[in-house]
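A.B. asks: Fold the stuff below for me.
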Amino acid sequence: MYYDPDINDHGLPFNPIKGLVAPRPIGWISSISKDGVGNLAPYSFFNMLSYNPAYLMFSAGCKENGSKKDSVVNIEQTGEFVFNMAHWDTRTKMSDTSWIDDPKIDELLECGLTPTRAQRVKVPMVKEAPAHMECVHHKTVELPGHDPESVHHMVIGRVVMVHINDEFINNKGLVDITKIKPIARLGYMDYCAVDEVFSMKKRTVEEKLTPKVAAE
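C.D. replies: Residues are numbered from 1 along each chain as shown. Just a heads-up that it's a prediction; the model follows:
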């Protein structure tokens, strides 16, 4: 099948497009307002952009009235935010933080999570998260939508400090992803947890050019 995403003439009960770019890491973003009110929200349009220096981004749709999400407003006003890694143990509370829309309510406290101090930014981190990245605001890119609610704001931040819970670093000095079990967003209302990994080494040019010899 094929369809035009501007028309959405796919004939299916639900739009499949978000199920085709999956799994998508979850950006569990904490920020504070200019008045000091905390905010914590998950975004499934999220990823790293580079590593030297490190930049990451998340993309937030607008509220029903077309105004910016609280995370975007807070970050543009204060210049800071934190990425908190969502994993299997925090999956329920991560979801709970997505439903609160009142800017006067601190989702981190409302959902029974524990705030902990960052080192370079004033934004609190989620203590229960296995890893965090403190960020300063680099820029916001507005992505036009077909209606006010579907306008997205892509927030790009520069990572200025990284935190990793020591229990998730193995005896080889590597981050143990299967122990963390980070969760990711699929299509529809589906998620997945990473509990198995495999490695692949890049082939050399010689290996690519050498034809396979059939076993005798």
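A.B. asks: If you count residues, where's the longest helix of the chain?
C.D. replies: helix 70-78 (DSSP state H).
A.B. asks: between whichever helix or strand comes after that helix and helix 70-78, how many degrees?
C.D. replies: Counting by DSSP states H and E, the element after helix 70-78 in chain order, helix or strand, is strand 80-85. With axes from the mean of the first three to the mean of the last three Cα atoms, to 10 degrees as the criterion, the two stretches strand 80-85 and helix 70-78 enclose an angle of 140 degrees.
A.B. asks: Just the mean pLDDT for the next helix or strand after strand 80-85, thanks.
C.D. replies: Stepping forward along the backbone from strand 80-85, the first helix or strand reached (DSSP H and E) is helix 91-96. For helix 91-96, mean pLDDT is 97.
A.B. asks: that older thread, residues in contact with the longest helix of the chain?
C.D. replies: Taking Cβ atoms under 8 Å, 6 or more residues apart in numbering as the criterion, the residues outside helix 70-78 that touch it are 29, 31-34, 39, 41, 43, 58, 60, 68, 81, 103, 122-123, 137, 140, 153, 155, 157. C-beta: built from backbone N, CA, C; applies to glycine.
A.B. asks: Now, of these, which are buried?
C.D. replies: Members of the contacts of helix 70-78 that pass the buried threshold by neighbour count (16 or more other Cβ atoms under 10 Å) are listed as 29, 31-33, 39, 41, 43, 58, 60, 68, 81, 123, 137, 140, 153, 155, 157.
A.B. asks: Now, the residues you listed that are in strands?
C.D. replies: 29, 31-32, 39, 41, 43, 58, 60, 81, 137, 140, 153, 155, 157 (DSSP state E).
A.B. asks: possible to save those residues as a markdown table with pLDDT and distance to residue 15?
C.D. replies: Written out in a markdown table, the entries for these read as follows (pLDDT from 0 to 100; distance: Cβ to Cβ, whole Å):
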| residue | pLDDT | distance to residue 15 |
| --- | --- | --- |
| 29 | 98 | 24 |
| 31 | 98 | 29 |
| 32 | 98 | 34 |
| 39 | 97 | 28 |
| 41 | 98 | 22 |
| 43 | 98 | 18 |
| 58 | 98 | 21 |
| 60 | 97 | 19 |
| 81 | 98 | 29 |
| 137 | 98 | 31 |
| 140 | 98 | 26 |
| 153 | 98 | 21 |
| 155 | 98 | 24 |
| 157 | 98 | 29 |
